[in-house]
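> Structure here, sequence nowhere to be found:
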């Protein structure tokens with residue numbers, strides 16, 4: 001399954017370009033914040049796409065060469081920010097979690113029922129691990145998610161070019177989540 005964000009190949013459509021960039025940031029953050037060792041292809045952090053070619057093994061051409069002069073500086077800054085957050089906060093650490101260490105909830109703020117894991121039509125969820133909260137909207141439409149109790153500050157917002165959040169939200173409020181976005185929040189003291 002693929003998603004071209006509304007246009008196939010290169011485009012000058014600013015909305016498509018912005019959505020592709022937001023999606024790239026959300027996927028990079030998902031990979032880098034996941035448990036285990038993150039695996040990136042060379043150039044992912046620069047915005048190198050190989051023009052969508054997922055099997056360029058035998059290509060020795062501009063398709064696979066890293067075009068350093070075309071590097072996406074904002075994406076590099078975003079990637080560095082996510083790596084720094086991963087390094088300092090270890091959101092999912094290296095240990096396996098039990099039911100009391102990690103909890104999942106749906107867009108309504110209620111615990112995520114087992115059937116929701118198989119519901120391909122609902123791609124909005126949240127995860128609480130310690131004092132950190134990760135919320136994801138993998139849907140192509142904007143959505144909202146009800147936050148768990150407490151006061152939250154945003155540490156990472158994939159809707160921002162370099163991932164800066166800095167805003168605050170209270171539990172019980174519906175947090176707007178743009179399409180193809182990921183946010184990491186920390187419980188405020």
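Thanks, I have it. Just so it is clear, the structure is predicted and the values come from calculations on it, not from any experiment.
> and the most centrally placed residue in the chain, what are its phi and psi?
The structure's the chain has its C-alpha centroid closest to residue 26; by CA atoms, centre = their mean the separation is 2.6 Å. Taking degrees, to the nearest 10, you get phi -60, psi -40 for the backbone angles of residue 26.
> Where does the residue in the chain sticking out farthest from the centre sit: helix, strand or coil?
When each C-alpha in the chain is compared with the mean C-alpha position (CA atoms, centre = their mean), residue 60 comes out farthest, at 31.1 Å. Applying DSSP: H, G, I helix; E, B strand; the rest coil to residue 60 yields a three-state assignment of coil.
> what's around the nearest residue to residue 41 once chain neighbours are set aside, how many residues?
Beyond its immediate neighbours in the sequence, the residue positioned closest to residue 41 (CB to CB, 6 or more residues apart in numbering) is residue 48, lying 7.9 Å away. Backbone N, C-alpha and C define where each C-beta goes, glycine included. Neighbours of residue 48 under the rule other CB atoms under 10 Å: 20.
> what do you get for residue 137?
Here the number of neighbours of residue 137 (other CB under 10 Å) works out to 26.
> and if you look at the one 3 residues further on?
The number of residues packed around residue 140, counting by other CB under 10 Å, is 13.
> need the contact list for the nearest residue to it once chain neighbours are set aside.
Spatial nearest neighbour of residue 140, chain neighbours left out: residue 179 (5.2 Å); criterion: CB to CB, 6+ apart. The neighbourhood of residue 179, defined by CB atoms under 8 Å, 6 or more residues apart in numbering, consists of 19, 22, 137, 139, 140, 141, 142, 143.
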